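sequence-free structure coming up:
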């Protein structure tokens, strides 16, 4: 008897140890430099891996999870037959869900349980699998498939192998308990459909930053250009030209969405539309010979803003290397002197150097410019840290707040790049206009005044005016929150609420930004400058802003997730909204516009109800 008990204990220990082998955590850390539990839904399982990293990584994790469950129960059965298999089944699932090796935070156990069930009662497992597959195919929600399979499992076991019936009830109850949050979201209609994400591997560049200088997270939604069908355009009730303009990002400000003839006429000249033939907008601009003053600069990210800034700096006479993870895209840019995907019809300088080797890009550079999304900055900067020279100046173009940690980008840099001097570049500066050598004014902020002034000298030109700032917190907060507000005003214009509503939202938004910034130690005057009102105006008033375009599509009737996909690239405000609301709660600051926008983006509130909530708030003094 003692020997039998000892064998069961050993079987349980082995099974629990196998359960601790979590491929989602291991693969995300080893190959992608992230912790999957801090991305997407925060769950270390197959579904979140597919959403955050991609289908291939998700399928690998699924196979390993199934295999470890199968092996554990097989070992358990060999050591204690029926009782051994039940002990192993329970402990391998427990080890997967609450792994001691990973701080007792793992996955939800369905894939692992499926593998265990295959070893225990394979007909029941196969039948449950088909039930899950059918539910997933019909609803596109993995959680529905998982829950349906779990609920049906005891009945299937009773039919095929009733010796395990009561045990199956216990396992099903445990797995349902692990899915309580999913069940709640399903009951509220908030559960997201399964999407396939793409996370860059270590040493690769993630998706580009928000074009106005710019990560449950960024990667939770697959970023893919997906044009509207004719049927969808008819259903939305929008003019086909409006939809075309929104998706191209080249329409005049708010005019097309609000159908205001005066605005259409007034803004047509301001619209930046693709030219039929490629144009070199810097033709005739003489590149100065700086001699010893020439600076070696790396730009990390060959998206629209990274490309525009690299081109600008080359025409300032500097030695610039532009890095992109996609070797083919980099090769085409070098051959054709154009970024066809993000900045079509614009000829770039032939002096830009290109590379897809991250180490080569940053090593030996005096300035490294990051043009990657907020939620990816930590992982990308961490990979660069070991190759940066002492005293390097890091310039960041992104705008946002890191989810989970609620840290500003400068705070992240203090952790990942402690030996570098950090400078933030912000303000109204769409890449599509900068690359065309249109006039723009921006601000560079740093705790190191000398560094800010140096970057001012390096970047400033006849068409690109640069101011300095010491209020790092204010500049970063303004840049992050304005992306959220741009979605709000986009929704308003998509609903055709008019210019008065847009103006009111923008004005009241400045109050919200100022309240949060002041509570976090920022200078209130910062929000009246380029990084505050200036950036808010341009982001809320032109469809060159992805955030605004996303809002317009939501206002026209699309779900938030679908709108993000239609935009076709990173929508910073979508991923920053919840972090901003968390900061507001942390600092006890009232931000009603950001709060209802976040509720709309999460699917908890319809835009019409959000409007009603804002308009029915209690009476206040304007300056409150």
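Alright, I've got the coordinates. For clarity, every value in this text was computed on a predicted model and none was experimentally measured.

Please compute how far stretch 494-508 lies from its chain's middle.
The gap between where stretch 494-508 is centred and where its chain is centred comes out at 26 Å by C-alpha atoms, centre = their mean, to the nearest Å.

C-terminal to the helix or strand hosting residue 487, what's the next element?
Secondary structure from DSSP states H and E places residue 487 in helix 472-494. Next along the chain after helix 472-494, taking DSSP H and E as the criterion, comes helix 499-519.

tell me the angle of that next one relative to helix 472-494?
Here helix 499-519 runs at an angle of 160 degrees relative to helix 472-494 (axes from the mean of the first three to the mean of the last three C-alpha atoms, to 10 degrees).

Can you read off the backbone torsions of residue 421?
Geometry field for residue 421 lists phi and psi as phi -100, psi 120, criterion degrees, to the nearest 10.

Go ahead and name everything in contact with stretch 152-163.
Surrounding stretch 152-163, the residues in contact under the criterion C-beta atoms under 8 Å, 6 or more residues apart in numbering are 82, 117, 120-121, 123-124, 127-128, 131, 164-165, 168-169, 171-172. Using the backbone N, CA and C atoms, a C-beta is placed for each residue, glycine as well.

re earlier: pLDDT on the helix holding residue 487, on average?
For helix 472-494, the per-residue pLDDT values average out at 95.

Stretch 592-612 too?
Confidence for stretch 592-612, expressed as mean pLDDT, is 93.

Endpoints of that stretch, how far apart?
For stretch 592-612, the first and last residues are 12 Å from each other (C-alpha to C-alpha, to the nearest Å).

Return the distance of it from the chain's centre.
With C-alpha atoms, centre = their mean as the basis, stretch 592-612 stands 20 Å off its chain's centre.

If we go by neighbour counts, what in it is buried?
By 16 or more other C-beta atoms under 10 Å, the buried positions in stretch 592-612 come out as 593-603, 605, 607, 610-611.

Give me the contact list for that stretch.
For stretch 592-612, the surrounding residues in contact (C-beta under 8 Å, 6+ apart) are 188-190, 481, 484-485, 487-488, 491-492, 495, 497, 505, 508-509, 512, 554-555, 559-560, 574, 577-578, 580-581, 584, 613-614, 617.

Of those, which qualify as buried by neighbour count?
With burial judged by 16+ other C-beta under 10 Å, the buried subset of the contacts of stretch 592-612 is 481, 484-485, 487-488, 491-492, 495, 497, 505, 508-509, 512, 554-555, 560, 574, 577-578, 580-581, 584, 614.

who are the neighbours in contact with residue 62?
46, 111.

Kindly recompute the last result at 10 Å.
Under the criterion of C-beta atoms under 10 Å, 6 or more residues apart in numbering, the contact partners of residue 62 comprise 23-24, 45-47, 49-50, 110-112, 114-115.

same check, this time on residue 59
With the criterion set at C-beta under 10 Å, 6+ apart, residue 59 makes contact with 46, 49-50.

any idea which of the residues you listed is closest to residue 177?
Proximity of the contacts of residue 59 to residue 177, judged by C-beta to C-beta, is greatest for residue 46, which lies at 18.9 Å.

What number of residues are in the vicinity of the closest one?
The tally of other residues near residue 46 (other C-beta atoms under 10 Å) stands at 27.

Am I right that it is in contact with residue 111?
Yes - under the contact definition of C-beta atoms under 10 Å, residue 46 touches residue 111, with a separation of 5.3 Å.
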